[in-house]
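K.L.:
quick one: sequence and predicted model below, then my questions.
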Amino acid sequence: MTDLNFDIKAPLKVGDYLHASWGYNQTNATFFRVIKHTAKMATVVEVEGRLAYNDDGKAIGLVPSDTQRWDHFWQNCPWRGDPWQDHPFTGRDLDADNIEARNQLECWSPITYTRKIHLGGDGIAYLTIEDFMLASKADPHKPRYDTIALGFPGH
């Protein structure tokens, strides 16, 4: 894999989806959507996966949704309680995709990453999200395997 030649126009555009497949003794599918980029860097937001089904109604994998993933953070948080128990909005409310409620919480933020863009030998752009997770440009309609989502036990 080689670094992106910076004289080339950025291979990612806002709205592109990226996919990372990772895990130990199970396969996790994680999706991202590009929200900003330059020729050298891209900012992505992590998005939820949703089940995709074949014509017979059988789940065949995950595809990205438009729902952003959120995470709790403590820095500059006006309260220090358990985020799932002590706040007026519970984890259940957040899991119900109550975006308006989540936007009102100073202690919650969309999961975003700003990373250097690389170009693989196959010409496909990828980002190193974590040392164990490379996310590459992906077709948002192509289902991706995920152990837990398809009903198999993880570890």
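P.N.:
Noted; the coordinates are in hand. Numbering: from 1, shown residues only.

K.L.:
give the helix, strand or coil label for Ala39.
P.N.:
Using DSSP: H, G, I helix; E, B strand; the rest coil, the secondary structure recorded for Ala39 is coil.

K.L.:
can you tell me how far it sits from Lys137?
P.N.:
In this view, Ala39 and Lys137 are 15 Å apart by C-beta to C-beta, to the nearest Å. (Glycine included, C-beta is placed from N, CA and C.)

K.L.:
for Thr147, which non-adjacent residue is closest in space?
P.N.:
Sequence neighbours aside, Gln26 is the residue nearest to Thr147 in space, at 4.0 Å (criterion: C-beta to C-beta, 6 or more residues apart in numbering).

K.L.:
and that neighbour, what pLDDT?
P.N.:
With respect to pLDDT, Gln26 scores 84.

K.L.:
hang on, the earlier thing: who has more neighbours out of Ala39 and Lys137?
P.N.:
Lys137 (19 against 15; other C-beta atoms under 10 Å).

K.L.:
measure that one to Ser65 for me?
P.N.:
17 Å.

K.L.:
and what of Leu127?
P.N.:
Separation of Leu127 from Ser65 (C-beta to C-beta) stands at 20 Å.

K.L.:
so what's Tyr17 closest to, chain neighbours aside?
P.N.:
Among residues not flanking Tyr17 along the chain, Pro140 sits closest, at 4.3 Å (C-beta to C-beta, 6+ apart).

K.L.:
if I look at that neighbour, how far off is Ser109?
P.N.:
24 Å.

K.L.:
and Val45, what does it touch?
P.N.:
Going by C-beta atoms under 8 Å, 6 or more residues apart in numbering, Val45 touches Phe32, Arg33, Ile35, Gln68, Arg69, Pro110, Ile111, Thr112.
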